[in-house]
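Asker: Fold the following, please.
(one chain, ligands or ions: 1)
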Amino acid sequence: MKLSVIGAGYVGLTTAACLAQIGHEVFCSESDLAKLAKLQNGVMPLFEPHLEDVIKGVRAVGRLRFGSTEEAIAWGDAIFICVGTPPLANGDADLCAIEGVARAIAKRATGYRLIIEKSTVPVQTGAQLRKHLSVHSTNGLRYDVASNPEFLREGTSVEDFLHPDRIVIGADSPRAADLMREIYEPIIKQEFTCPVHSGCPKRKDPVFLATDTNSAELIKHASNSFLAMKISFINMVANLCEVVGADVTKVAEGMGLDPRIGPAFLNPGIGFGGFCFPKDVQAFVRIAEKSGCDFSLLNEVEKINQRRVEHFLDKIRKELWVVRGKKIAVWGLAFKPNTDDIRFAPSIALVKALLDEGAEVNAYDPEAMEKAKPVLPAITYCSNPYEAAEGADAIVIVTEWEEFRQLDWDRLRSAVERPLVLDGRNMLDPTEMTRRGFHYVSVGRFPMTPEQNASTTNPVQSFASAEG
Ligand code: UDX
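Answerer: This next block holds a predicted model:
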């Protein structure tokens, strides 16, 4: 099919590339001219595993082209809207860009088009789109609007697109539902050349769930908010573990063995970030508020997450005593591994607070440093974790990059001023770190080592005395 994708961000670019990979002829537009020029010249504007190779492959056979919004509107029988919906100051999603695209489609498109909202939008946006298209349509445009929420995780988005658990479609006409099924047919049947796996392992075919537009829109916000709630829940359990003397890893393992709970998204740490969870939770609260539903449960999820950085800073302060003048190696700036995205990353608040308190920060991230430089200009960017650790009073792990698991700890032991590691993602093994000669502090895994046990008040005693 001839498909258009409007917006070449993480979602749009992955969508365009993967739709071309499964056989469609795709035109992708981008309104940021510098970014568009990069894409047209074969330069990636962002880092996402496998995406560059997929784009190269499909461009080489002419199935993916980049250009203007006007060209995209003229091209596709179906048009995916993948523009940004950033948060406004009050938590609402800013729908300006979506509105602008809808107006442009209404004014320029002719014949029949399927218009698909893929950006994360509040419930009833589909209904608004329909209304808006009919108000502004000047060329006798006939159309359907469908919702097709994306569940792509940055870092694995190509794999998630091609091998999803579910494809959710919200369509209010049989024609729209049939077209959506046709677009996704190769993925539903898992019949395409997979660019990620050679000899793709047999997996369960994805579920194709067709529903009405409002329900599809709600599925996205409800899913992300639920996952964020799971993370905040385990983070509170981690706090409790630190006070009573329990190991959150074991608690999460025990909980996750119950299939009704499941083990995923029970990793405690310095908090969730990225461009989805923080804004989607806020937007969902606002949607509920406007509909007269008190969803204050989610306000707590957000508050707990906002306190994570401060909680971790307290650990740093406790270990360093005086932060001013200390050299701190920060490993990881991206909001999670395998991405260069630093939007709403906990690293930003953490580094700013350390600088405010007078620390010197030497940071290293395998992918995110270019994006971090304008946001965090007052730190030193290093070319590897060893350089960042040179003379450091503490190594602070903020993102669990695989690379940090395979380091030469003897070399690091001699490079640092003090062998202290504060792990905000629980990625290392406490016993192993003690054996390597480091004082190791993580999240919710108290008491962790005999050494730390000896140097701290017995948590069980202090808990008992606090109660009594
Ligand atoms: C998320 C959703 O997973 C995806 O389905 C949706 O379409 C977009 O939003 P993404 O933002 O890429 O994807 O990141 P995800 O892997 O979900 O992680 C979000 C944040 O939660 C990260 O900061 C991560 O470090 C944190 N996290 C995740 C935890 O702190 N603990 C966990 O157990 C899992």
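Asker: contacts, neighbours, all on C-alpha from now
Answerer: Fine.
Asker: Nearest the geometric middle of this protein, what residue?
Answerer: residue 274 (4.3 Å; CA atoms, centre = their mean).
Asker: got a list of what it touches?
Answerer: Listed by CA atoms under 8 Å, 6 or more residues apart in numbering, the contact partners of residue 274 are 335-336, 341-345.
Asker: would you turn those residues into CSV with pLDDT, secondary structure and distance to residue 314?
Answerer: As requested, the contacts of residue 274 are arranged in CSV below (pLDDT from 0 to 100; DSSP: H, G, I helix; E, B strand; the rest coil; distance: CA to CA, whole Å):
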residue, pLDDT, secondary structure, distance to residue 314
335, 97, coil, 20
336, 96, coil, 22
341, 94, coil, 26
342, 96, coil, 23
343, 95, coil, 23
344, 95, coil, 20
345, 97, coil, 18
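Asker: contacts with the ligand among the residues you listed, please.
Answerer: Restricting these to those within reach of the ligand (CA under 6 Å from any ligand atom) leaves 335-336.
Asker: and of the contacts of residue 274, the nearest to residue 308?
Answerer: For the contacts of residue 274, the residue nearest residue 308 by CA to CA is residue 345; the value is 11.7 Å.
Asker: give me the number of residues near that closest one?
Answerer: A count of neighbours around residue 345, defined by other CA atoms under 10 Å, yields 23.
Asker: Grab the nearest non-local neighbour of it.
Answerer: residue 335 (4.2 Å; CA to CA, 6 or more residues apart in numbering).
Asker: what's the spacing between that neighbour and residue 13?
Answerer: Applying CA to CA, to the nearest Å, the value for residue 335 to residue 13 is 20 Å.
Asker: ok, the residue nearest to residue 345 to residue 306 distance?
Answerer: 14 Å.
Asker: Point out the residues in the stretch 251-400 of the chain that sit beside the ligand.
Answerer: Counting by CA under 6 Å from any ligand atom, the stretch 251-400 of the chain comes close to the ligand at 265-269, 271-277, 335-336.
Asker: Please identify the helix or strand for residue 375.
Answerer: Under DSSP states H and E, no helix or strand contains residue 375.
Asker: Pick out whichever of residue 335 and residue 306 has more residues nearby.
Answerer: For residue 335 versus residue 306, the count of surrounding residues by other CA under 10 Å is larger for residue 335: 26 against 19.
Asker: Quick check: mean pLDDT of stretch 4-23?
Answerer: Across stretch 4-23, the average pLDDT comes to 97.
Asker: Ok, stretch 229-249 next?
Answerer: Stretch 229-249 shows a mean pLDDT of 96 in the predicted model.
Asker: what does stretch 107-120 give?
Answerer: 94.
Asker: so residue 138 sits right up against residue 106, yeah?
Answerer: Yes: counting by CA atoms under 8 Å, residue 106 is a contact partner of residue 138 at 6.7 Å.
Asker: Spit out the contact partners of residue 21.
Answerer: Contacts of residue 21 by CA under 8 Å, 6+ apart are 54, 58, 192-193.
Asker: would you list every one of the helices in the stretch 1-150 of the chain?
Answerer: Taking DSSP state H, counting those that start in this stretch as the criterion, the stretch 1-150 of the chain contains helices spanning 10-21, 33-40, 51-60, 69-75, 96-108, 125-136.
Asker: Thank you, goodbye.
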